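Engineer: turn this into a model:
(chains A and B)
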Amino acid sequence: MSEINLELAKISEKIGSEDIEQKATRDGYGDALVELGEKNLNVVVLTGDLSESTRAQAFQKKFPERFFDVGVAEQNMMGIAAGLALAGKIPFVSSYATFSPGRNWDQLRVSVAYSQANVKIAGAHTGVSVGPDGATHQALEDIALTRVLPGLVVIVPCDYIQTKQATLAAAAYKGPAYFRFTREKSPIITTPETGFEIGKAQVMRDGKDVVVIGCGPVLYNAFLAAKDLEKQGISVMIVNNHTIKPVDSETIIAAAKKCGAVVTLEEHQISAGAGSAVCEVLAKNYPVPVEMVGMPDSFGESGQPEELIQKFGMDSESIKKAIQKVIQRKGKNGKS
Amino acid sequence: MQILTTQQLQLKANDIRQDIIEMLLEAKSGHSAGPLGMADVFTALYFNILRHDPENPTWVDRDKLVLSCGHICPVLYATLSEAGYFPKEELKTLRKLGTRLHGHPHNLALPGIENSSGPLGQGLSQAVGMALASRMDRTTGRIYAICSDGEQDEGQVWEALMFAGKNRLHNLTVILDRNNIQIDGYTEDVMPLEPLKDKYEAFNFHVIEVDGHNYQQIIDACNEAKAIYEKPTMIIAHTIPGKGVGFMEYDYKWHGTPPNKEQGVKALNDLRTLRGRIQGEHQ
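Structural biologist: Modelled structure (predicted):
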């Protein structure tokens, strides 16, 4: 495995500081849609009565003739999008991930993925950080639901800028793609120069003792954990594994080889999610001790976002514990 | 396109029905009643109504046929083949390993297949999407969606109807195969659908009821739909499931069953007799 895979990505200099800029990932989606609408007449946007909260509204105002509110009817929305795509349009399906791909998974499977219809599915309000709306509206299963479908790209951007870049990249990519975002403002980890390429994970922090391979805004907590652990002499590498499918095996294997221990991190069920995708690569190619941080086979509940992240163990303290635990396991199974 | 006489259309449909029986006999699985029942509608569409070109199946201004009830695909395959989309010998590969004629149709497998279907209720939404795209691009092709009556149990169908009605998609014609059967029994026993005409009208559709084995009525209804400029059209085609094969007609047990060898011989015999009658009637 060549070292070039572990080249450091440029990231914000304000990471860990109080005044880091915060913006919601869904705003990145909304801003990208407007940009796309100006550039490409084939871009159309659909929503199921959620134009404001998915941030599709700006597109709606600017390009009403290319915007379709289908009402509260996610199955029909996915099907219409498939028909539009089969006729040459590039539809963006905007809803909450619990409903799309939650409620309309069969339509996603047959009308979109099996048919290779060029539909882009944007799942808003993922993770427990949705907060007060409670478990019904906190999508924690969407990565599992989407990454199991052949021919569907699955992207989990880590911040506002990356969501914007991912939306543009998804539009340029020919084929169905799913990407998810979160409701709340979150720290901007990347910069406009960081770049984004579907299927290419980014090493955002160098380290040698353990690598955190994660995705989504929750990745910021790994930076906080890494900074704390530095004082204890623990060197933490951080990989932003933003594309869950097709997974970047090369970078994952190279990082595991360098560090010998892995912690996966996601705001999603641990079962069948982004961490599981990492484990599938490692088990087959380079098995090392792994700890998995994410939703521990539980539904969420109402509360403030930060309270819920803490309660369900996706905060920096939980990540620190997982790192310490995985380091203790190193060497015990014959690997150093 | 050469315009066929009613007798020629009836003979074409008879060929298609024989193809269907032969395909099912070879495949040893598949649906009998629906494909036989819709053979006249498919013949009318591909040999009279649709503007299409087997030599250029991706022609931008073509009329598109979206099959929502994918399980009746033997009639689609047989008709496409009769129309020249692919060689007739290929019909015998239905449902076999390596075939392009899957048990339920796949849009990428075969020229002339516009959409993948099987799980019921999905095709109409796709047809609506295509009709929207056609309106935006100002292409002249019309969209024809074929739905089954049992399929109307699916909520997604009514979501799509609501959207098409609201958006006055006049370039969309839906043809409902009203054969009154579904896998578990008669539609009105499993889940009553009537009054269907009233329901579609309430959803802002122009509704026409036809005898699904009467070519003049089918063709007239499709032409009427073209002339309706403010609404999408729903053509309720009353059909006889298993039409043309005496022992299959009207019996829901033939929904998802193929004939065995003996029944196949009998079915082909029925269809050949029918062919003789069609030729006789017009002499």
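Engineer: go ahead and flag the most central residue of chain A.
Structural biologist: A:Val156 (1.6 Å; Cα atoms, centre = their mean).
Engineer: pLDDT value on that residue, please?
Structural biologist: Here, the pLDDT recorded for A:Val156 equals 98.
Engineer: which residues touch the closest residue to it other than its chain neighbours?
Structural biologist: Counting by Cβ to Cβ, 6 or more residues apart in numbering or on different chains, A:Val156 lies nearest to A:Cys215, which is 3.9 Å off, once chain neighbours are set aside. To be clear about C-beta, it is placed using only N, CA and C from the backbone, and glycine gets the same treatment. Going by Cβ atoms under 8 Å, 6 or more residues apart in numbering or on different chains, A:Cys215 touches A:Val156, A:Cys158, A:Asn240, A:Asn241, A:His242, A:Ile244, A:Leu265, A:Glu266, A:Ala274.
Engineer: try 10 Å
Structural biologist: Going by Cβ atoms under 10 Å, 6 or more residues apart in numbering or on different chains, A:Cys215 touches A:143, A:154-158, A:162, A:180, A:201, A:239-244, A:264-268, A:273-275, A:277-278.
Engineer: close to chain A: what parts of the stretch 151-283 of chain B are there?
Structural biologist: B:154-164, B:166-167 (Cβ under 10 Å from any Cβ of the partner chain).
Engineer: the same query, at a cut-off of 7 Å, please.
Structural biologist: B:Gln156, B:Glu159, B:Ala160, B:Phe163 (Cβ under 7 Å from any Cβ of the partner chain).
Engineer: wait, doesn't the residue nearest to the centre of chain A sit right on A:Gly273?
Structural biologist: No: using Cβ atoms under 7 Å, A:Val156 is not in contact with A:Gly273; the gap is 9.5 Å.
Engineer: mutual contacts of these two, please.
Structural biologist: Both A:Val156 and A:Gly273 are contacted by A:Ile143, under the criterion Cβ atoms under 7 Å, 6 or more residues apart in numbering or on different chains.
Engineer: how close does A:Met237 sit to chain B?
Structural biologist: Applying Cβ to the nearest Cβ, to the nearest Å, the value for A:Met237 to chain B is 41 Å.
Engineer: direction included, what does the helix or strand hosting that residue pair up with?
Structural biologist: Element membership for A:Met237, per DSSP states H and E: strand A:236-240. Applying DSSP bridges, strand A:236-240 is found paired with strand A:202-205 (antiparallel), strand A:210-214 (parallel).
Engineer: can you name the next helix or strand after the longest one?
Structural biologist: Heading C-terminal from strand A:210-214, the first helix or strand you meet, by DSSP H and E, is helix A:220-230.
Engineer: and that next one, what's buried?
Structural biologist: A:Tyr220, A:Asn221, A:Ala222, A:Phe223, A:Leu224, A:Ala225, A:Ala226, A:Asp228, A:Leu229 (16 or more other Cβ atoms under 10 Å in any protein chain shown).
Engineer: what's the answer for stretch B:184-200, then?
Structural biologist: Those would be B:Thr187, B:Leu193, B:Leu196, B:Lys199, B:Tyr200, for stretch B:184-200 by 16+ other Cβ under 10 Å.
Engineer: now that stretch: how far from the chain's centre is it?
Structural biologist: 19 Å (Cα atoms, centre = their mean, to the nearest Å).
Engineer: sorry, back to before: parallel or antiparallel, list what pairs with the helix or strand just after the strand holding A:Met237.
Structural biologist: Per DSSP H and E, the first helix or strand lying C-terminal to strand A:236-240 is strand A:243-245. Looking at strand A:243-245 with DSSP bridges, its partner strands are strand A:153-155 (antiparallel).
Engineer: rewinding a little: how far away is the residue nearest to A:Val156 from chain B?
Structural biologist: From A:Cys215 to chain B the distance is 30 Å (Cβ to the nearest Cβ).
Engineer: for that residue, phi and psi?
Structural biologist: Phi and psi for A:Cys215, reported as degrees, to the nearest 10, are phi -160, psi 160.
Engineer: now A:Asn285. Its backbone dihedrals?
Structural biologist: phi -110, psi -40.
Engineer: how about it: what's its closest non-neighbour residue?
Structural biologist: Closest to A:Asn285 by Cβ to Cβ, 6+ apart is A:Ile253, at 5.1 Å.
Engineer: doesn't the one you found lie inside a helix?
Structural biologist: Yes: secondary structure of A:Ile253 (DSSP: H, G, I helix; E, B strand; the rest coil): part of a helix.
Engineer: pretty sure it is touching A:Lys284, no?
Structural biologist: No: in this structure A:Ile253 lies outside contact range of A:Lys284 using Cβ under 7 Å: 9.5 Å.
Engineer: report how many residues lie close to residue 213.
Structural biologist: Picking chain A for this. The local packing of A:Ile213 (other Cβ atoms under 10 Å in any protein chain shown) involves 32 other residues.
Engineer: actually chain B
Structural biologist: 21.
Engineer: how close does it get to chain A?
Structural biologist: From B:His213 to chain A the distance is 30 Å (Cβ to the nearest Cβ).
Engineer: how about B:Gly37?
Structural biologist: As judged by Cβ to the nearest Cβ, B:Gly37 and chain A stand 24 Å apart.
Engineer: in contact with the spatially closest residue to that residue that is not a sequence neighbour, which residues?
Structural biologist: Excluding the flanking residues, the one nearest B:Gly37 by Cβ to Cβ, 6+ apart is B:Thr239, at 4.1 Å. Contact analysis of B:Thr239 by Cβ under 7 Å, 6+ apart lists B:Gly37, B:Met38, B:Asp177, B:Arg178, B:Asn179, B:Gly212, B:His213.
Engineer: name the residues of chain A found near chain B, please.
Structural biologist: Going by Cβ under 7 Å from any Cβ, the residues of chain A near chain B are A:70, A:73, A:75-76, A:79-84, A:86-89, A:106-107, A:110-111, A:114-116.
Engineer: hey, what's residue 178 bridged with?
Structural biologist: Chain wasn't specified; assuming chain A. In beta-bridge terms (that is, DSSP bridges), A:Tyr178 pairs with A:Ile121, A:Val154.
Engineer: should've been chain B
Structural biologist: Beta-bridge partners, per DSSP bridges, of B:Arg178: B:His238.
Engineer: sorry, back to before: mind checking pLDDT for the residue nearest to A:Val156?
Structural biologist: So A:Cys215 comes in at 98 (pLDDT).
Engineer: who touches the strand holding A:Met237?
Structural biologist: With Cβ under 7 Å, 6+ apart, strand A:236-240 has contacts from A:158, A:201-207, A:209-213, A:215, A:219, A:222-223, A:226, A:229, A:251, A:255, A:258-259, A:323.
Engineer: which single residue of the stretch 151-283 of chain B ends up nearest chain A?
Structural biologist: B:Glu159 (3.5 Å; Cβ to the nearest Cβ).
Engineer: quick check: phi and psi on that residue?
Structural biologist: Dihedral angles of B:Glu159 (phi, psi; degrees, to the nearest 10) stand at phi -60, psi -40.
Engineer: that one - how many residues pack around it?
Structural biologist: 25.
Engineer: any stretches of the stretch 201-336 of chain A with poor pLDDT?
Structural biologist: The stretch 201-336 of chain A contains residues with pLDDT under 70 at A:332-336.
Engineer: and residue 209, what does it touch?
Structural biologist: Went with chain A since none was named. A:Ile234, A:Ser235, A:Val236, A:Cys259, A:Ile327.
Engineer: I was thinking of chain B, sorry if that wasn't clear
Structural biologist: B:Lys197, B:Ile236, B:His238.
Engineer: go again with 8 Å.
Structural biologist: Taking Cβ under 8 Å, 6+ apart as the test, what B:Glu209 contacts is B:Lys197, B:Ile235, B:Ile236, B:His238.
Engineer: likewise for A:Val290?
Structural biologist: A:Ala261, A:Val262, A:Val263, A:Thr264, A:Gly275, A:Val278, A:Cys279, A:Leu282, A:Val326.
Engineer: what's whichever strand or helix holds the fifth one in contact with?
Structural biologist: In the assignment (DSSP H and E), A:Gly275 maps to helix A:274-285. Contacts of helix A:274-285 with the rest of the structure, by Cβ under 8 Å, 6+ apart, involve A:143-144, A:147, A:156, A:213-215, A:241, A:244-245, A:247, A:249, A:252-253, A:256, A:262, A:264-266, A:268, A:270, A:288, A:290, A:292-294.
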